[in-house]
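[1] Build me a model:
(2 chains)
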2 protein chains.
Amino acid sequence: MKVLEERIINDGYWVGEGILKVDSFLNHQLDIALMDQIGEEIAGIYDGERIDKILTAEASGIAVACSVSRAMNNKPVVFAKKKKPSTMVDGFYSVPVRSFTKNTESNYYLSKRFLNAGERVLIVDDFLAKGEAGLALCNLAKEAGAVVAGLSAVIEKKEQGGADKIKAAHGIDVRSVAVITNTDGNTIQFE
Amino acid sequence: MKVLEERIINDGYWVGEGILKVDSFLNHQLDIALMDQIGEEIAGIYDGERIDKILTAEASGIAVACSVSRAMNNKPVVFAKKKKPSTMVDGFYSVPVRSFTKNTESNYYLSKRFLNAGERVLIVDDFLAKGEAGLALCNLAKEAGAVVAGLSAVIEKKEQGGADKIKAAHGIDVRSVAVITNTDGNTIQFE
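    Numbering: from 1, shown residues only, chains lettered A, B, ... in the order given. Now for the predicted structure:
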C-alpha cells in the first residue's frame, strides 16, 4: 500500500533494537484518514470471506480495528484488555502475552460473552514483530472455539519472525499491509 | 441522543457501586455504526469552534476519539498512554490519574511532540463519573500550554460529580452525549 509505505518512509524512524517508531500517525497520534484507507485495504484482502467479528488488543489495535470494521459493514470489534477490570464479573478468557517493547509479561482478558464457538474472527493489530500479541490473540480465539479467518497487521517487520511463528502454531497466513524486510536501523525497505 | 439512550436502556446494566456496564457496545465490544453516530453528535456540539486536535486516553477513549475525528474532517487524535513505552525516548508530559473501576493509581504519558502550546484540544472519553480521567487529561493539556476547547463523554453519570469538579478546577463546561442522573442500581434515568 503505497500511501502507507510513503508515510512510514517520511515519518518513521528506528530507535534501536529493531524498533520502528511511527507514533506520529499509528499508535500515539492517529491519522484517521490514513487509518480508514488502511481499513479499506485490509477489508479488501479478506473480500468474499465470512468474517463475523474483528478481534484486537488494547490499546494500539483499537483504531485500526475500528477502521477495518467500518470497511466491513460495521462488523463488531472486540478488544482484549490488558487488565481485568473489577466490572468483569462474569466469565472471561485469559491468555499470557509478552511485550518486547514494554519489556513486560502480562495477560489478555476477554469476556466470554463477546467471542463464541464457531465465530470467524479477523485479528488485526498495529504491529507484527516477534508475533507475541498475534499469538496471544490466536490463543484467545482458540480458547473460545472461534475460528481465526485471518490475521493482518498494519506494519509487519518480517525479519523478526512473527508471521512464521503464527503460521507454525496456528496454520494462519499473516497478510500485512506494509511488510518491512530489514531491521538494521538505517534504511526502511519494503517487501 | 435518543439512539444512544435506547441502547443504554437495552444493553446496559448496573454491577454495583454505581458502575454501569455497557461493554457490549462501548468499551469492550464496539458498535462502530453507533460510535460514528456518537462522533457526529459530539462534532455537532462544537460546530463552529476551532478544534485542532482530539485528546483522549487509552484504551476505551480511542474508538470514540476516532469517530469524533472522522466527523471533524479527520482532525488528529492523540491518546495518553498508561505506561511509558521504552520507545518514548524523547520528552513527555506525565500526570497522575486514579481509576475507581480498576482501583489503581497510575499516570498518563504523552509525548511532547503531539501537544503544543496554543493548540485547542477537544477532550473526549467513553465515561465521565468521578471525573478523574477528565481532570488528568485537562492537566496534560495545561502542562503543554494547550487550550481545552471542550470536554465530552459518551456517558456521564451526573450524580458522581465529575463535571462539577472539572468546571471548578479548569472552568470547562462538560457536554456529554448521554447524561444519567441516578446511580441507585435499579433503573437508568436520563437528564
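
[2] Can you confirm whether stretch A:118-125 lies near chain B?
    No. Judged by CB under 8 Å from any CB of the partner chain, stretch A:118-125 makes no contact with chain B; its nearest approach is 12.0 Å. In this view, the C-beta of every residue, glycine as well, is placed from N, C-alpha and C.

[3] A:Ala163 in helix, strand or coil?
    Following DSSP: H, G, I helix; E, B strand; the rest coil, the label given to A:Ala163 is helix.

[4] and what of the one 3 residues further on?
    The three-state assignment at A:Ile166 reads helix, by three-state DSSP.

[5] which regions of chain A lie under the pLDDT threshold?
    Residue ranges of chain A with pLDDT under 70: A:101-102.

[6] hey, which strand is longest across it?
    Using DSSP state E, we find that the single longest strand of chain A is strand A:147-157.

[7] is A:Thr104 in a bridge, and if so with what?
    A:Thr104 forms beta bridges with A:Ser99, as assigned by DSSP bridges.

[8] That one: how many residues sit nearby?
    Neighbour count for A:Thr104, taken as other CB atoms under 10 Å in any protein chain shown: 12.

[9] That one reaches A:Arg98, doesn't it?
    Yes. Counting by CB atoms under 8 Å, A:Thr104 does reach A:Arg98; the two are 7.4 Å apart.

[10] residue boundaries of the helices in chain A?
    With DSSP state H as the criterion, chain A has helices at A:2-11, A:32-45, A:61-71, A:132-144, A:162-170.

[11] And those helices: which comes nearest B:Tyr46?
    Among the helices of chain A, the nearest to B:Tyr46 by CB to CB is helix A:32-45 (16.4 Å).

[12] With adjacent residues omitted, what lies nearest to the residue located most distally from the centre of chain A?
    In chain A, the residue that sits farthest from the middle, by CA atoms, centre = their mean, is A:Val89; the gap is 26.5 Å. Ranked by CB to CB, 6 or more residues apart in numbering or on different chains and with sequence neighbours excluded, the top spatial neighbour of A:Val89 is B:Val15, at 5.9 Å.

[13] what's the neighbour count on the one you found?
    B:Val15 has 17 neighbours, counted by other CB under 10 Å.

[14] thinking it is in contact with B:Lys21, fair?
    Yes. Under the criterion of CB under 8 Å, B:Val15 makes contact with B:Lys21 at 4.9 Å.

[15] Identify the contacts common to the two.
    Taking CB atoms under 8 Å, 6 or more residues apart in numbering or on different chains as the criterion, B:Val15 and B:Lys21 both touch A:Thr87.

[16] Quick test: name the residue nearest the centre of chain A.
    Note on chain A: the residue nearest the mean C-alpha position is A:Asp125, at 1.5 Å, using CA atoms, centre = their mean.

[17] tell me which residues form a beta bridge with it?
    Beta-bridge partners, per DSSP bridges, of A:Asp125: A:Ala153.

[18] measure A:Val15 to A:Lys21 for me?
    Taking CB to CB, to the nearest Å as the measure, A:Val15 falls 5 Å from A:Lys21.

[19] still on that earlier bit, now do the contacts for the residue nearest to the centre of chain A.
    By CB under 8 Å, 6+ apart, A:Asp125 lies in contact with A:56-57, A:60-61, A:64, A:133-134, A:137, A:153-154.

[20] Which single one of those residues is nearest to chain B?
    A:Ser60 (8.2 Å; CB to the nearest CB).

[21] Now for that closest one: which residues touch it?
    If you count contacts by CB under 8 Å, 6+ apart, then A:Ser60 has A:26-27, A:125-127 around it.

[22] Quick check on it: phi, psi?
    In terms of degrees, to the nearest 10, the main-chain angles of A:Ser60 are phi -70, psi -20.

[23] In contact with the nearest residue to A:Ala163 once chain neighbours are set aside, which residues are there?
    Residue nearest to A:Ala163 in three dimensions, not counting chain neighbours: A:Val174, with 3.9 Å by CB to CB, 6+ apart. Applying CB under 8 Å, 6+ apart to A:Val174 gives the contacts A:128, A:134, A:151-153, A:156, A:162-163, A:166-167.
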